[in-house]
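Participant: Based on what follows, work out the 3D shape:
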Amino acid sequence: MKFVIYQDYLRVGGTESHTIHMADYLFFRQERCTIITNRPGGSLYPLVQEKGIPHVALQSMDTGFNWYAPRLLHKLKELEPDRILLMGRNANRWGSRLVKAFPNAKIFSSFRTGRKVPASYLRSMKHTHKTLVNSEYASEKLLKIGVPAEKQLVIKNPCLRAQVIDELRAKYTRSQMCAQLGVSDATFNMLYAGAFIPGKNHAALLRVMKEHIENPNLMLWMVGEGPLFDKMKRLAVKLGIEHRVRFFGYRSDLEFFYLAADLAVSPSQEESLPNFLIEAQYAGLPVVAYDEAGSRECFLPGKSGILVPRGNESEFSSAIASLYKSPEQLEPMSQAARQYALEQFEPNHLDDETYRILAQS
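Facilitator: Residues are numbered from 1 along each chain as shown. Below is the predicted model:
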């Protein structure tokens, strides 16, 4: 069977990581799979090369336009896929056209966002064979905007870093992890990992850190890249907290951060089922997060983390304080986090289920 996974650009992000993970899994199942992107390159492109996954970039030179897909239909006709999986907003806008152009192929949409749904995206989900949805929240949202339940299949995100996390947990202590990263294990270290894009609400997290400026033992690590990265660095300086916040940029060794940190924090106000929180739980990291979209499905509020009303910075700050002032809470929360992630996000079962749906539907 021939598969194509279509994605606009291999930037750093959960959807992009899952595109590569799924293509790699299909090769494991000895299926033929090609990733098509609109733009060439991207921070995750070296991973595609490393894994030897066939890849086609539609733009011969990077225009910087994520939506520009020259000769997409022509390339798909060359590949003659049996299954096409659309990943990301720009790819999913093509669903209706691909259904008409390739009547013998099964076209699958995906819905993994908490953002507003463009009309072309919604139209595609109504016409494609099925839509793979990664959270119950997202499924309910689709029902409200007219995508019926029989057109949806809910499959949660697998923890893509599970194997490496397990290997590192068995090999290193937390102190050794901190030494590897060049950070202190004597401070209370909070971790945010994700894209620096609008909707992730980084500024709120920096404002919360400002409230704790008198506590020299509280540190914030911010890992990721995106158009707002430099702006957030400038904001940290403006708030006078630059000595308490470390901006690491994109890191391929994110597993070390999960296992070296004390707490995962997510101020995001645009999510479906954030990989960051799933991976944090798998690493046994307690969570403080806003009650946004599918975030509550990533952990056990009250047991493996604290769920804060959306946008309430005061309660977010209080939740953080309650944990670093009473560190004895962290160990039972860590154990609950790990157990929950093993039950809900173990990749082998979820990958097999996704493959069954794509291959047999």
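Participant: Quick check: Pro148 vs Leu142, distance?
Facilitator: Taking C-beta to C-beta, to the nearest Å as the measure, Pro148 falls 9 Å from Leu142. Every residue, glycine included, has its C-beta placed from N, CA and C.
Participant: can you tell me the helix or strand for the closest residue to Gly249 other than its chain neighbours?
Facilitator: Spatial nearest neighbour of Gly249, excluding adjacent residues (C-beta to C-beta, 6 or more residues apart in numbering): Glu225 at 5.6 Å. In the assignment (DSSP states H and E), Glu225 maps to no helix and no strand.
Participant: From Gln163, how far out is Glu225?
Facilitator: 24 Å.
Participant: which regions of the chain lie under the pLDDT threshold?
Facilitator: Nowhere does the chain drop to pLDDT under 70.
Participant: Go again with 90.
Facilitator: 12-14, 112-116, 195, 197-199, 213-216, 252, 268-274, 292-294, 327, 360-361 (pLDDT under 90).
Participant: Show me the domain layout of it.
Facilitator: With domains defined by automatic domain parsing, the chain comprises 2-158+346-360, 162-344.
Participant: ok, how many other residues are close to Lys116?
Facilitator: Counted with other C-beta atoms under 10 Å, the neighbours of Lys116 add up to 9.
Participant: what helix or strand does the residue sitting furthest away from the middle of the chain sit in?
Facilitator: In the chain, Glu214 marks the outermost C-alpha relative to the chain mean, sitting 32.7 Å out by C-alpha atoms, centre = their mean. Counting by DSSP H and E, no helix or strand carries Glu214.
Participant: before we move on, what about Ile36?
Facilitator: strand 32-37.
Participant: partner strands of that strand, parallel or antiparallel?
Facilitator: Note on strand 32-37: by DSSP bridges, its sheet partners are strand 2-7 (parallel), strand 55-57 (parallel).
Participant: Would you mind pulling the contact partners of stretch 350-361?
Facilitator: Stretch 350-361 is contacted from outside by 1, 3, 21-22, 25-26, 29, 31, 83, 85, 106, 108, 129-130, 132, 153, 155-158, using C-beta atoms under 8 Å, 6 or more residues apart in numbering.
Participant: no wait, stretch 153-163
Facilitator: Residues outside stretch 153-163 that contact it (C-beta under 8 Å, 6+ apart): 14, 17-18, 21, 112, 130-136, 139, 165, 254-255, 258, 273, 275, 278-279, 282, 297, 341, 344-347, 350-351, 353-354, 357.
Participant: Over to stretch 297-311?
Facilitator: Against stretch 297-311 from outside (C-beta under 8 Å, 6+ apart): 135-137, 156, 204, 264, 269, 273-274, 277-278, 281, 286-292, 295-296, 315-316, 319, 322-323, 333-334, 336-337, 340.
Participant: Just the ones of these in helices?
Facilitator: With helices identified by DSSP state H, the entries of the contacts of stretch 297-311 that belong to them are 136-137, 204, 277-278, 281, 315-316, 319, 322-323, 333-334, 336-337, 340.
Participant: Can you flag the buried ones in those residues?
Facilitator: With neighbours counted by 16 or more other C-beta atoms under 10 Å, the ones in helices among the contacts of stretch 297-311 contain buried members at 137, 204, 277-278, 281, 316, 319, 323, 333-334, 336-337, 340.
Participant: re the thing from before, Glu225 and Gln163 - which one has more neighbours?
Facilitator: A count of neighbours by other C-beta under 10 Å puts Glu225 above the other of Glu225 and Gln163, at 19 against 12.
Participant: check contacts around the more buried one.
Facilitator: Taking C-beta under 8 Å, 6+ apart, one finds 12, 43, 195-196, 249-250 in contact with Glu225.
Participant: Just the buried ones from these, in PyMOL syntax?
Facilitator: One line in PyMOL is enough to select the buried ones among these; burial here means 16+ other C-beta under 10 Å:
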select buried, resi 12+43+195+196+250
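Participant: So which of the contacts of Glu225 belong to strands?
Facilitator: Using DSSP state E, the subset of the contacts of Glu225 located in strands is Gly249.
Participant: For the protein, which segments count as strands?
Facilitator: Along the chain, counting by DSSP E, strands occupy 2-7, 32-37, 55-57, 83-87, 106-111, 130-133, 152-154, 188-193, 218-223, 245-249, 263-266, 287-290, 305-308.
Participant: got the angle between the fourth one and strand 2-7?
Facilitator: Spelled out, that is strand 83-87. In terms of direction (axes from the mean of the first three to the mean of the last three C-alpha atoms, to 10 degrees), strand 83-87 departs from strand 2-7 by 10 degrees.
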